[in-house]
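A.B. asks: Could you look at this predicted model? Sequence included:
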Amino acid sequence: MADTIRILVMAGSLRVDSLNKKLARVGAEALTRLGATVDLLDFRDVAMPPYDGDDETASGLPPGAIAFKARLAVAQAFLFVSPEYNNSIPGTFKNAIDWASRGDDHVFDGKIAALMAASPGGAGGMRSLLHLRPVLTSLGVWLVPDQVTVSKAHEAFDEAGQFKVPFYQKQVDGLAVSLLDAARRLG
């Protein structure tokens, strides 16, 4: 069997009981079942101040950004799971991406990613993914064409954080297959 693919899974939410963290865990489980090595990131573990070029010039990258970049660097692929705040990407998620894009090491460039979102609304976080796509492609990330959006997500998960109905699980499983296939082809 070929070497295992290392995938960094991250939900762009700081909430402890985030719907997107639940979705990220389901995605991580699907990737693990397929044989991937998964690193499930909690952004609370890599906290960063708001990006400021003057601070970067004076002090370099903050410890959280250094830790985040290290995890991005060893991953061969990414699964980004984004909440939707005011029809877009949460500021903390974009801030982390901004910090990680600094420097000459290009930790995003040439890697493959998949996108998912969960929202209590009817669009399932679709608008956040529409904003996340150009941010990532500008950094050289290749995106699989499929994505998963979970609408009415507050009703979609059971108490154990699993989907109540198989429809969404099938979508996540299919996206996991697409991401791993693409990562192997690029690898």
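C.D. replies: Arrived safely.
A.B. asks: which residues touch the most centrally placed residue in the chain?
C.D. replies: Nearest to the centroid of the C-alpha atoms of the chain, with distances taken as CA atoms, centre = their mean, sits Phe80, at 1.6 Å. Residues in contact with Phe80, defined by CB atoms under 8 Å, 6 or more residues apart in numbering, are Met10, Gly12, Ala113, Ala114, Leu115, Met116, Leu132, Leu136. C-betas here are computed from N, CA, C, even on glycine.
A.B. asks: go again using 10 Å as the cut-off
C.D. replies: Counting by CB atoms under 10 Å, 6 or more residues apart in numbering, Phe80 makes contact with 8-12, 20, 24, 27, 89, 93, 97, 113-117, 128-129, 132-133, 135-136, 141, 143, 147.
A.B. asks: Can you name every helix or strand that the strand ranked longest in the chain contacts?
C.D. replies: The longest strand of the chain (DSSP state E) is strand 142-150. Based on contacts counted as 3 or more CB pairs under 10 Å, 6 or more residues apart in numbering; DSSP states H and E, the elements that strand 142-150 packs against are helix 19-33, strand 77-81, strand 112-118, helix 126-138, helix 166-186.
A.B. asks: Tabulate the ones you listed in CSV, adding columns for mean pLDDT and distance to Arg44.
C.D. replies: Shown next, in CSV, are these (pLDDT from 0 to 100; distance: least, CB to CB, whole Å):
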stretch, mean pLDDT, distance to Arg44
helix 19-33, 98, 10
strand 77-81, 99, 15
strand 112-118, 98, 18
helix 126-138, 97, 20
helix 166-186, 97, 23
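A.B. asks: right, and those - which one's nearest Glu56?
C.D. replies: Proximity to Glu56 (CB to CB) singles out helix 126-138 among the helices and strands packed on strand 142-150, at 18.6 Å.
A.B. asks: any idea of the angle that closest one forms with strand 112-118?
C.D. replies: In this structure, helix 126-138 runs at an angle of 160 degrees to strand 112-118, with axes from the mean of the first three to the mean of the last three CA atoms, to 10 degrees as the basis.
A.B. asks: tilt between helix 126-138 and strand 77-81?
C.D. replies: Going by the same axes, to 10 degrees, helix 126-138 makes 150 degrees with strand 77-81.
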